[in-house]
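> Need coordinates for the following:
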Amino acid sequence: MKLLSLLLIGFAAFITADSNVRSPADNERYARIILDNGRPNFHCGFPHIGEYGIPPIDPLLIQEFNVTQKSLGVDVVSTLTNTLMRGLKFFIIQKFSFNPDQTIEYIFTTDYVTMDGDHWTRGTMIGLPVVNGEGKMFGEQFNSQYHGFIRWSTEPGTGFIYPVSHTVSVNIQHMTMQMSGFSPLINGTVNQQINDSIPEMLASPEFQLQMNDMLDRVIIPLFEAVSYRQTVDTITDHLAYLASNPSPPTC
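Model (predicted):
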């Protein structure tokens, strides 16, 4: 899910032209060190990185995200706002590779992540021709995998790094959601039907596109912050520094 900010600073190490090029194994090892060193600061972010800093990562604020469910007689759209995702600091790096085609490939997993925020849900369900409610939302994700690619390039003349594109596929093994704000007469039925339709929603191409859109708005700004006015060489220097600093300043 998404939390590449500290890890991305090492993406350029593999393309230096001299004989001291770090191997992919070295890059992944340094990425793990940087991640572990930075975990204590995830709750307040990294204001010293980039032009504007990096906001808190855990909890991670998602300002707006649409979830569409169309299965088992459910046809609703939920707009989730001011959603806080908690538990991301415990994610595990399964893969973090720097490829010669100027892409970064990553696979991250999380065991358990919660989401809480506001929702506006509207549509139809079996036995309910009109569903319309606004209120609080609480969700849980279990055993999730995020497999993504970030393509980057360099600015002519300066050599500064910038992101070109980002794609990610998300595999969530199990997810639940509870929403308030519906009529008391139908609240239980609405939540039951929403949860019954979640497995099919998670497997749908539309959900993958929505997750791509949501994570783009997280990953691309993180990349831009980390690479702001940075070249391959300066980012490599940052990688070496952070990997050798086991005690970053706490919030």
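
> Break down the stretch 51-200 of the chain into its helices, ranges please.
Applying DSSP state H, counting those that start in this stretch to the stretch 51-200 of the chain gives helices spanning 187-196, 198-202.

> out of those, nearest to residue 146?
helix 198-202 (13.3 Å; C-beta to C-beta). In this view, the C-beta of every residue, glycine as well, is placed from N, C-alpha and C.

> so residue 65 sits right up against residue 214, yeah?
Yes - applying C-beta atoms under 8 Å, one finds residue 65 in contact with residue 214, separated by 4.8 Å.

> Neighbour count: those two, which is higher?
Counted by other C-beta atoms under 10 Å, residue 65 and residue 214 do not tie: residue 214 has more neighbours, with 22 against 19.

> any idea how far the more buried one is from residue 117?
13 Å (C-beta to C-beta, to the nearest Å).

> And residue 171, by the same measure?
23 Å.

> and those two? which has more neighbours close in?
Of the pair residue 171 and residue 117, residue 117 is the one with more neighbours under other C-beta under 10 Å, namely 19 against 13.

> correct me, but the more buried one touches residue 80?
Yes - between residue 117 and residue 80 there is a contact at 5.7 Å, judged by C-beta under 8 Å.

> Find residues that contact each of the two.
Shared contacts of residue 117 and residue 80 (C-beta atoms under 8 Å, 6 or more residues apart in numbering): 62, 137.

> Wait, a helix at residue 212?
Yes - Residue 212 forms part of a helix when assessed by DSSP: H, G, I helix; E, B strand; the rest coil.

> Show the pLDDT at it.
Looking at residue 212, its pLDDT is 90.

> what's around it, how many residues?
Around residue 212 there are 17 residues (other C-beta under 10 Å).

> Just confirm it contacts residue 147, I think it does.
No - in this structure residue 212 lies outside contact range of residue 147 using C-beta under 8 Å: 11.7 Å.

> Need the overlap of contacts for those two.
residue 168.

> before we move on, the earlier item: hey, what's in contact with both of residue 214 and residue 117?
Joint contacts of residue 214 and residue 117 (C-beta under 8 Å, 6+ apart) are residue 62.

> Buried ones in stretch 111-122, by neighbour count?
Neighbour-count burial for stretch 111-122 flags 113, 115-121 (criterion: 16 or more other C-beta atoms under 10 Å).

> Alright, calling it a day.
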